[in-house]
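Engineer: Provided below are the primary sequence and the corresponding predicted coordinates.
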Number of protein chains: 2
Amino acid sequence: MTDATEATDVTDVTDVTDVPDVTDVPDRLTPRAREIVAAARDLLEESGPAVLTMRTLADRLGIKAPSLYKHFPDKHAVEVELIAQMLEESAEALEAAETAEAAEAAESRTPGSLETLAEAYRVYALAHPHLYCLATERPLPRAALPPGLEDRAARPLLRACGGDLDLARATWAFAHGMVILEIHGRFPEDADLDAAWKRGLRTLHP
Amino acid sequence: MTDATEATDVTDVTDVTDVPDVTDVPDRLTPRAREIVAAARDLLEESGPAVLTMRTLADRLGIKAPSLYKHFPDKHAVEVELIAQMLEESAEALEAAETAEAAEAAESRTPGSLETLAEAYRVYALAHPHLYCLATERPLPRAALPPGLEDRAARPLLRACGGDLDLARATWAFAHGMVILEIHGRFPEDADLDAAWKRGLRTLHP
DNA sequence: GCAATTCAGCTAACGCCGTTAGCCACGACG
DNA sequence: CGTCGTGGCTAACGGCGTTAGCTGAATTGC
């Protein structure tokens, strides 16, 4: 009779009642845990980190806060999943930009191989500012992340830098700095950030 | 008998006991408020933001938490003072580097005018990582800051960039990115950050 | 087919957080 | 000598993450 049962109708995805988790990829999370992470992400992106509370998260799912601990050991574990999502999605965005770039280059109207990549990075980060900050403004929980994910997220930029690690790191620092300073409103209101991006990219990758 | 009195010996700048606040500059803070900020800073730099609590702060001063509200309207107001300190000190560090640079340039053994500035920025930030993060990872409370401070902190870099705003912003983003990523341990352990700094600075300012 | 176990919810509560209300001692000043 | 502002105090509130322990339903084992 609790309204929790109403909330579960959101599931309606897995009506498989026999196979528990015998998919090809060993599932990182149970279906319910994935629902929780999805709700956490909605909450974070809509309202920011201050609102992402175990109680509000439970509320949105129609359950009580302590029940969340049946699925995650603590709040940090939920956040780790959000960080993993961000890394994976930004990796996808960069990989997509990479192939788009290659296509354009084939037509020989090359706009500089870093430019599309940087634009993709910026667009993704600014589209998900709270998520980007959550994933970025603390030490990476490397041990709890899917193996290889960090490398995968870094690889497109490294490739674009021709394997030059120093250049790739300098470029990453520039891009992250631009994005995070913009997100936090540290630039003057009238600053021409497009111009600053262009300037930085052009000098870093002439 | 409280150790709060011991904390004041850090000040040792103003032993004037008669004039309350009739200095040339209209004092931003009462002496007691300055003691509180000093204790807050010690706490933050020693133990990080999680330990900077109204209760632990009061503890260190030998008083109870609610008494702090006789001196500051809320915790945020204390943090604003810490942010102001960081901006002022980093401005000083950059200005010092600027004049040192000028002296070296006069002897014509110029190491690139940005290099000393960047080094000073990096050294200051890494010497005060918690303070740097506090001052940097949220919107600037511009309205509550001493007027002109933000500009002053930005000016040395802008001068070194010959007034080129775009270049200055790109360089700032690069430097901030390098520092903040290093502080949060986002680079691989074996990354040669000196090399990445050199690479970035050389390409940004050839 | 029934017992046993696991799962996923619940309530109550703990200790921390920032913050408020209201009390009081003391020193300065008219 | 009274008055009043200053700067302490205690008690308490609501919100936070989290734990302990209960319960009913579903699944599993014999």
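Structural biologist: Cool, got the structure. Numbers count the residues shown, from 1 in each chain, chains lettered A, B, ... in the order given.

Engineer: who's in contact with residue A:149?
Structural biologist: Listed by Cβ atoms under 8 Å, 6 or more residues apart in numbering or on different chains, the contact partners of residue A:149 are A:84, A:87, A:88, A:91. Where C-beta positions appear, they are placed from N, C-alpha and C, glycine not excepted.

Engineer: Now with 6 Å, please.
Structural biologist: Applying Cβ atoms under 6 Å, 6 or more residues apart in numbering or on different chains to residue A:149 gives the contacts residue A:87.

Engineer: Tell me how chain A divides into domains.
Structural biologist: Following automatic domain parsing, one gets these domains for chain A: A:4-70, A:81-204.

Engineer: which of those domains is buried the deepest?
Structural biologist: Comparing those on average neighbours per residue, with mean count of other Cβ atoms under 10 Å in any protein chain shown, the densest one is domain A:81-204 at a mean of 18.

Engineer: close to DNA strand D, is that domain?
Structural biologist: No. Taking Cβ under 7 Å from any atom of the strand as the criterion, domain A:81-204 and DNA strand D are apart, separated by no less than 12.8 Å.

Engineer: for that domain, how far is the first residue from the last?
Structural biologist: By Cα to Cα, to the nearest Å, the extent of domain A:81-204 from end to end equals 33 Å.

Engineer: How about stretch A:145-152?
Structural biologist: Start-to-end, stretch A:145-152 (Cα to Cα) is 12 Å.

Engineer: Nearest residue to the middle of chain A?
Structural biologist: Nearest to the mean C-alpha position of chain A, by Cα atoms, centre = their mean, lies residue A:86 at 1.2 Å.

Engineer: check contacts around residue A:175.
Structural biologist: Contact partners of residue A:175, counting by Cβ under 6 Å, 6+ apart, are A:118, A:121.

Engineer: element containing residue A:101, please.
Structural biologist: Secondary structure assignment for residue A:101, by DSSP states H and E: helix A:75-106.

Engineer: on contacts alone, who are the packing partners of that helix?
Structural biologist: Here helix A:75-106 touches helix A:31-47, helix A:113-127, helix A:129-136, helix A:149-160, going by 3 or more Cβ pairs under 6 Å, 6 or more residues apart in numbering or on different chains; DSSP states H and E.

Engineer: Need the residues that contact the shortest one.
Structural biologist: Counting by Cβ under 6 Å, 6+ apart, the neighbours of helix A:129-136 from elsewhere in the structure are A:44, A:45, A:48, A:82, A:83, A:86, A:125, A:183.
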